[in-house]
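[1] Take this sequence and fold it.
(chains A and B)
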There are 2 protein chains.
Amino acid sequence: MELKECMNFLLSVSQNKVFKYFSKLLEEYELTPAQYGVLNCLWSEGQLSPKQIGEFMYLEAPTISGILDKMQKAGFIERSVDPENRRNVLVVATQKSMELQDKVEAATAEMNNAALQNLSARDKAVLMKSLDTIIKSDF
Amino acid sequence: MELKECMNFLLSVSQNKVFKYFSKLLEEYELTPAQYGVLNCLWSEGQLSPKQIGEFMYLEAPTISGILDKMQKAGFIERSVDPENRRNVLVVATQKSMELQDKVEAATAEMNNAALQNLSARDKAVLMKSLDTIIKSDF
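    Numbering: from 1, shown residues only, chains lettered A, B, ... in the order given. Alright, predicted model coming up:
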């Protein structure tokens, strides 16, 4: 097989390139791409348990827990006990991260535009749908 | 932006999933996905300098150098001085890795089939071409 037909190679090289570019754009806000993912979930859903955030992001509980610890220390999120179920933790975005939303979403759009700059609208749509299909496939 | 429209998210989650699956398949041969990439280049090109391998794989010199060190220790490659230019190092696959080629290429095909199982032939082609376009885009 030619290397450029190997899905692991294609995904690793493109992911590495896009991740580096996005990381650099987010540096200004002292956020990482994974932390952006958490904030994206909270901005659209309001409050979520760590488990729900993990489900949105396809990450395991210990990984999410580590990301949330750092975000809490940096003042981006707060954790509180769910009044409806005291064994449940609820995560919310702080005022500090709410204020960053417009700028951070602009940085995300900039990353998407850079990554997709040479693709037709049709190919962009197929690409995004295909990656989502891979994520949801059973293997 | 919805998380599933964020290219960094789509690439990170799909890459992580495919990489884990491929790593597991290659474990039997005590190879990593990056080491497979090196062998793939050597199997098709014969002998290459570390710089050429880095160009094929879009990896920096120190990264390639670390991968080659481990592969040499494990007996997958050998490094020798280029008789035509004594400042140049040439990397070749050993007999041991040559003997693994068919099985390792079968594992790679299995990974590709798993990743692409739910995509039409047309979407597979668009996906691969689009990822290659991202890799070659200027950003």
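
[2] what distance separates the start and the end of stretch A:81-99?
    One end of stretch A:81-99 to the other measures 24 Å (CA to CA, to the nearest Å).

[3] which parts of that stretch are buried?
    Judged by neighbour count (16 or more other CB atoms under 10 Å in any protein chain shown), stretch A:81-99 contains these buried residues: A:Val89, A:Leu90, A:Val91, A:Ala93, A:Thr94, A:Ser97. No exception for glycine: its C-beta is placed from N, CA and C like everyone else's.

[4] Give me the distance between the fourth one and A:Lys124.
    Per CB to CB, to the nearest Å, A:Ala93 is found 29 Å from A:Lys124.

[5] re the thing from before, just the buried residues of stretch A:81-99 now: which is nearest chain B?
    A:Ala93 (14.5 Å; CB to the nearest CB).

[6] What strand or helix carries the spatially most central residue of chain A?
    Of all residues in chain A, the one closest to the mean position by CA atoms, centre = their mean is A:Gly37, 2.4 Å from it. Secondary structure from DSSP states H and E places A:Gly37 in helix A:33-45.

[7] Next: A:Leu90.
    Residue-wise, A:Leu90 maps onto strand A:89-93 under DSSP H and E.

[8] which residues touch that strand?
    Outside strand A:89-93, the residues that touch it by CB atoms under 8 Å, 6 or more residues apart in numbering or on different chains are A:38-39, A:42-43, A:46-50, A:53, A:68, A:76-82.

[9] Could you list the paired strands of that strand along with their orientation?
    Using DSSP bridges, the strands paired with strand A:89-93 are strand A:47-48 (antiparallel), strand A:77-81 (antiparallel).

[10] Including mean pLDDT and distance to A:Ile64, could those go into JSON lines?
    Listed next are the strands paired with strand A:89-93 as JSON lines, based on pLDDT from 0 to 100; distance: least, CB to CB, whole Å:
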{"stretch": "strand A:47-48", "mean pLDDT": "95", "distance to A:Ile64": "10"}
{"stretch": "strand A:77-81", "mean pLDDT": "95", "distance to A:Ile64": "11"}
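
[11] Pipe these into CSV and attach distance to A:Leu59 per row.
    Shown next, in CSV, are those (distance: least, CB to CB, whole Å):
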stretch, distance to A:Leu59
strand A:47-48, 13
strand A:77-81, 15
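
[12] who wins for proximity to A:Ser137 among those?
    strand A:47-48 (25.1 Å; CB to CB).

[13] residues contacting A:Asn16?
    B:Tyr58.

[14] Locate it within the secondary structure: which element?
    Assigned by DSSP H and E, A:Asn16 belongs to helix A:7-27.
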